[in-house]
Structures are given as structure tokens and as C-alpha cells.
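Undergrad: Next comes the sequence, and after it the predicted model I'd like to discuss.
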Amino acid sequence: MPSVHAVTYSLLRHQGITTVFGNPGSNELPFLKGFPEDFRYVLGLHEGVVAGMADGYALASGKPAFINLHAAAGTGNAMGALTNAWYSHSPLVITAGQQARSMIGVESMLANVDAPQLPKPLVKWSYEPACPEDVPRALSQAIHSASLPPRGPVYVSIPHDDWDREAGDDAALVIEREIAHAGVPSFEQLERLAQRLNAAENPVLVLGPEVDARQANGLAVELAERLCLPVWVAPSASRCPFPNRHPCFRGVLPAAIAGITAHLEGHDLIVVVGAPVFRYHKYAPGRYLPEGAGLVHVTGDANEAARAPMGDALVGDVHATLEALLPRIEQSARAMPETLPRPAAVEDGEGRLAPANVFNTLDMLAPEDAIYVKESTSTVEIFWERVGMREPGSYFFPAAGGLGFGLPAALGVQLAQPRRQVIGVIGDGSASYAITALWSAAQYRIPAVLIILKNGTYGALRGFARHMKVDDAPGLDVPDIDFCALARGYGVEARLADTHEALVQALQEGFAMDRPLLIEVPTLPT
Ligand SMILES: Cc1ncc(Cn2c(C)c(CCOP(=O)(O)OP(=O)(O)O)sc2=O)c(N)n1
Ligand SMILES: [Ca+2]
């Protein structure tokens, strides 16, 4: 009779999950014993890096990513990354080794006491099988639960003495299970939505990360061109759902109640697709909606629909809904919006470049289908204004703002998308939360270009301090970090780019290399 170990690897293989992102401890060794030739293990030196790499891999591949962590301490280290994975609906299958069953109750070393509680509330489902025979079924449930809408991380804690136990006669029944989700709205629901859109005098479209995650970007462009309306990206954008050089594109909405309402003033119908309503951030109270505006929300996440403070919602698959809606939408007689003007160049400093000019150079040299993994909070707005993004899956930002995402996620995205150039654009503050990711980049020769924007400060917090009238907070500066030395210490080649010529040279080298390159760019604060 097959062992739990044998059935588990057959299940993972059949479900297309042959990469394990992990950091092992003794509890995990029985799972890793006899690691199959056709599987790949990607080691991260800290579990935040492990989860970040897996998150990037899942987001960029659209498939579940498998993580193996070390009991409680490993899970705890990954929790910061899980804040992002939870809000980006990343299908992560997280496993953690548990002490031997008979040693949990006495709370021996490495016992993950009350294991299913530990990752909550940042997982959809969390479980420790009551007997070894249930492990394969539990892992099958984890894979399908992570993948079904609303997608999200799940967690299974597995005692290390389960793996060599017999799995039971029927355990193998889970290996080939397939679960499909439809999510197409009814004829009446589509007619009602189409009628509201066709009747609106001055509608506006607000698009969120789910449009990009479901590869519905092209459908959103068709809808915008049919309705000849302005298109905003929903606030706190973690993906790019609409080409940002398209004539309809108007920018990313500010993450504040008053700001959003001001930007949408004058519209009689606000159609939000694939985003929560809304991911506010700065506290700036105001009216939720402009005078005379209605809101309708299309989302695959019933929880997002239920918690919104206003508007109507239709819960269904975003891609299927837009596809079924389009034939019902009349060509509008409205004039198409004008393409936004390109912003003017700005002055550099002495030996320090303006982020705007860094992004202009990047936009000039990067491949058309480059993928950006962004984590420099103070330069987000400038980035969207100056760097063109056209293809689905071109942009990833930590969905909960949990820093330490950028470096590892850039590696995970590059592993998932080897034919596209991944470019990390990471703040010097953010880089330090997951700097050990550089070791994995070197060890697995992951050819991402990693740009560190070094302004020597937590730039975004300085902006918040001004907004919140806190002018004397300590701990806001991060001077004197030598990222080139750190990179070389972990085995990654590095260049200092303190002039445009040096930046051009470094980018051209990086795009041509088959291994990672870190580019340290001293920048002016934003
Ligand atoms: C794990 C973690 N710790 C602290 C913060 C707080 N924080 C911090 C520390 C920021 C500064 C980011 O600095 P940076 O150098 O990465 O980028 P900018 O200088 O462009 O803002 S932005 C922000 O929300 C966070 N979001 N996540
Ligand atoms: Ca900074």
C-alpha cells in the first residue's frame, strides 16, 4: 500500500506543482526524503523570502505555489508576506512541519502548538490532519481551496511521523481530481448591468488587480473603447489591469475617500471591476460618492462585495462577466478621451538622480513586455506616469503594503516568466526587509535586474509625517547602506549608477545577462 509520502508527491506532480519553495528544519526532513528528480526545491534563507518568492511565482503564473516552512518559527517569519498574499488573492499552498504526533501535547521543542490558529486570519483555510491517512486528502483540499475563488493562501500543518505511514486504499482517489469554476452571471443579471451602462450619461470605469489576474485586460480595453469613457486604476494598485498609455487611461486613483470622490466628480455611474470598493490608505474623510453618482461593482470575491460601504455588486468571474457583457454594450457616440500628456523632465542632483529621470531612462531601454516588481512607496505615482505598461502581468506591488515583497517576488516572477525580463524597482528601505533574497538570486542564477532606489530615507513615511503633522518622529532615515557590497556578499554582481550614463550602461548589461544584476541608484527624495 502506498505511503503518505508517495501519494503526496503523486498528487503534487499530477496537479502540476513540482516546485517547492522552502526553508527546512528537522520536522520537514521526512517530507524532503527521496526528493523526486523532476521536482525543484528553491531555498530562501528567511521564510519571508520563501513566501515572497512563492507569491511572485503564483501571481505571475496564475497557478498554486507550494511552500514548505519550519513549524511555528518558520510560519511566524512568513506572516508579513502573507499579509500581501491574502490581499492579492495569491493561491499559496503553505505546509509546515509539525513535531511527531505523540510529542505535540507535551509541547516538546519544535511543536507547533495549536498550529491551525497560527496563520489566521491571513489564510482561507488552516488545518492539521487528525490522522496520517488524511494528509493526501487535506493537501488536495488545500490545492483546490487555494485555487477556487476568491483565491488565497491556505495552510496545512503535518506531523513529521505521518510521511512514512500507509496512506490507505482510497487515498490515491484525490490525485486526479479536477474542480472547475464557472461564475458566469445570468441572462437577467447581464441585461440589467448592460442597461445601466448603456443608459449612463457620463460613466467611468475603475479597474482592479483581479482584471489583470484573470487576464481580462483586453476585454476591459474593448469595453472602454465601446463606451468611450475614462478609465482609472483602483487605489493601492498591486497590478496593472489596463495599458497606461491608452487614450482612456487616466491614472491611479488616490487611496483616500475624499480624493477618490473628487476625481470621480461629475460621473453618473461608477463601474468598478476586479477591485475592492475601495482599498483606502491615507485617512482623509469625505463623502463616499460624488453627488448624483451610482456605483456598480463586479468582483469574484463575495467578501469584497459584502464589505463595501456603498453601491450595488455582481459577484462572478470577472473575465466571464466582461466577455458576456460586451455584446450587450452599444457603441457610444461620446468622443474618445485624449491620451495623457507626457510629464516634463526634471533636474537631477549632484551624484543623485531624480526618480522621474530614472524611470524615463528605464522606459526608454526596457523591453516592451518587461515585468516590473515595484516596492518604493514614495515613487509609485511618478512610476505610473513615466513607465509604459502594455501587457497583462506587467506590474506587481505588495497588495497590503507589507514590505519585504519586492526582492523575493521579483525572483518568483522571473522563475514563472523566464521569457520576459523582470525588473525590480525597490526602495532602499524595502530592500533591507528581504535582502537575503539576493543569495537565492545568485544560487539559482535568476536573471532579474534589481534596481535599488537609494534616497537614504523612508520616503513614504516622510510624506505621511507631513500629512499627519508629525514633524519630529525618529527612525525615518536609513543612511549609509552599501547595496553593491551587500549584493556581492551574497554572490550577485552589482553596479553603482550615480549618473545617467552609468544607469544606461548598467541597464543594458543587466538586460543581456543570464544571471541577476543589482543596480544601486542614489536618488533624490520625492
Ligand atoms: C514590514 C513593513 N514594515 C514597515 C512598513 C512601514 N512603511 C515603511 C517603513 C515605508 C518606507 C519605505 O521606504 P523605501 O525606501 O522602501 O521607499 P521610499 O523611500 O520610496 O518610500 S512605507 C511603509 O508603509 C511597512 N509597510 N511594512
Ligand atoms: Ca527610500
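TA: Structure's in. What do you need? Ligands and ions are numbered 1, 2, ... in the order given.

Undergrad: Name whatever forms a beta bridge with the residue of the stretch 401-526 of the chain found nearest ligand 1.
TA: Minimum separation of the stretch 401-526 of the chain from ligand 1 (Cβ to the nearest ligand atom) falls at Gly427, amounting to 2.2 Å. C-beta: built from backbone N, CA, C; applies to glycine. Bridge pairing for Gly427 (DSSP bridges) gives the partners Leu453.

Undergrad: so what's it up against?
TA: Contact analysis of Gly427 by Cβ atoms under 8 Å, 6 or more residues apart in numbering lists Glu375, Ser376, Thr377, Ser378, Thr379, Gly406, Ile452, Leu453, Asn455, Gly459, Ala460.

Undergrad: near ligand 1, from the residues you listed?
TA: With Cβ under 6 Å from any ligand atom as the criterion, these include Ser376, Thr377, Ser378, Thr379, Asn455, Gly459, Ala460 near ligand 1.

Undergrad: Run a quick neighbour tally on the second one.
TA: Translated: Thr377. 20 (other Cβ atoms under 10 Å).

Undergrad: now do the first one
TA: The criterion is other Cβ under 10 Å. On that basis, Ser376 has 29 neighbouring residues.

Undergrad: Looking at the nearest residue to it once chain neighbours are set aside now. What's its pLDDT?
TA: Spatial nearest neighbour of Ser376, chain neighbours left out: Gly427 (3.5 Å); criterion: Cβ to Cβ, 6 or more residues apart in numbering. If you check Gly427, the pLDDT there is 98.

Undergrad: just Gly168 next, same as before
TA: pLDDT recorded at Gly168 is 89.

Undergrad: Write out the residues of the stretch 301-450 of the chain neighbouring ligand 2.
TA: Gly427, Asp428, Gly429 (Cβ under 5 Å from the ion).

Undergrad: what residues are up against the second one?
TA: Contacts were defined as Cβ under 8 Å, 6+ apart; by that measure Asp428 touches Ile452, Leu453, Lys454, Asn455, Gly456, Val478, Ile481, Phe483.

Undergrad: ok so, going back, of the residues of the stretch 301-450 of the chain next to ligand 2, closest to Gly76?
TA: Closest approach to Gly76 among those (Cβ to Cβ): Gly429, at 22.0 Å.

Undergrad: burial count for Glu178?
TA: Residues within reach of Glu178, counting by other Cβ under 10 Å, total 7.

Undergrad: Check for me that it belongs to a helix.
TA: No. Read with DSSP: H, G, I helix; E, B strand; the rest coil, Glu178 is coil and lies in no helix.

Undergrad: change the start of the numbering to 311 and stick with it
TA: New numbering, starting at 311: the last item is Glu488.

Undergrad: ok, it to Asp824 distance?
TA: Taking Cβ to Cβ, to the nearest Å as the measure, Glu488 falls 37 Å from Asp824.

Undergrad: now swap in Val466 and tell me
TA: In terms of Cβ to Cβ, Val466 sits 36 Å off from Asp824.

Undergrad: Compare the two and say which is more crowded by neighbours.
TA: With neighbours defined as other Cβ under 10 Å, Val466 and Asp824 compare such that Val466 has more, 23 against 7.

Undergrad: which residues touch that one?
TA: Taking Cβ under 8 Å, 6+ apart, we find Val466 in contact with Val403, Ile404, Thr405, Ala406, Ser436, Tyr437, Glu438, Pro439, Val445, Ala448, Leu449, Ala452.

Undergrad: Buried residues, the helix or strand containing Gly528. List them.
TA: Here Gly528 is covered by helix 527-537, with elements defined by DSSP states H and E. By 16 or more other Cβ atoms under 10 Å, the buried positions in helix 527-537 come out as Asn527, Leu529, Ala530, Val531, Leu533, Ala534, Glu535, Arg536, Leu537.

Undergrad: possible to save these as JSON lines with pLDDT?
TA: As requested, the buried residues of helix 527-537 are exported to JSON lines (pLDDT from 0 to 100):
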{"residue": "Asn527", "pLDDT": "98"}
{"residue": "Leu529", "pLDDT": "98"}
{"residue": "Ala530", "pLDDT": "98"}
{"residue": "Val531", "pLDDT": "98"}
{"residue": "Leu533", "pLDDT": "98"}
{"residue": "Ala534", "pLDDT": "98"}
{"residue": "Glu535", "pLDDT": "98"}
{"residue": "Arg536", "pLDDT": "98"}
{"residue": "Leu537", "pLDDT": "98"}
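
Undergrad: Could you point out which of those residues is nearest to His380?
TA: Nearest to His380 among those, counting by Cβ to Cβ, is Asn527 at 38.5 Å.

Undergrad: Given the host helix or strand of Val582, what are its sheet partners and their directions?
TA: Using DSSP H and E, Val582 sits within strand 579-583. According to DSSP bridges, strand 579-583 forms sheet pairs with strand 513-517 (parallel), strand 604-609 (parallel).

Undergrad: following the last one, which helix or strand comes up?
TA: What that stands for is strand 604-609. helix 612-617.

Undergrad: The first one now?
TA: Using DSSP H and E, the helix or strand that follows strand 513-517 towards the C-terminus is helix 519-523.

Undergrad: can you give me the strands in the stretch 661-810 of the chain?
TA: Remark: strands assigned in the stretch 661-810 of the chain by DSSP state E, counting those that start in this stretch are 681-685, 705-706, 732-737, 759-764, 803-806.

Undergrad: Next, the angle from the third one to strand 681-685.
TA: It stands for strand 732-737. On the basis of axes from the mean of the first three to the mean of the last three Cα atoms, to 10 degrees, strand 732-737 is oriented at 20 degrees to strand 681-685.

Undergrad: how far off strand 759-764 does strand 732-737 point, in degrees?
TA: Here the directions of strand 732-737 and strand 759-764 differ by 10 degrees (the same axes, to 10 degrees).

Undergrad: any residues touching the helix holding Gly528, and which ones?
TA: Contact with helix 527-537 is made by 507, 513, 515, 517, 521, 541, 551-553, 556, 558, 583, 629, 632-633, 635-636, 639-642, 644, 646, 701-702, as judged by Cβ under 8 Å, 6+ apart.

Undergrad: Drop anything exposed from the residues you listed.
TA: Among those, the ones that count as buried by 16+ other Cβ under 10 Å are 507, 513, 515, 517, 521, 541, 551-553, 556, 558, 583, 629, 632, 635, 639, 642, 701-702.

Undergrad: hang on, the earlier thing: of all the strands paired with strand 579-583, which one is nearest ligand 2?
TA: Ranking the strands paired with strand 579-583 by proximity to ligand 2 (Cβ to the ion) places strand 513-517 first, at 28.5 Å.

Undergrad: where are the low-confidence patches of the stretch 561-710 of the chain?
TA: Within the stretch 561-710 of the chain, no stretch has pLDDT under 70.

Undergrad: count of residues packed around the residue nearest to Met413 when sequence neighbours are not counted?
TA: The shortest distance from Met413 to any non-neighbouring residue, by Cβ to Cβ, 6+ apart, is to Ala421 (6.2 Å). For Ala421, the count of nearby residues is 19 (other Cβ under 10 Å).
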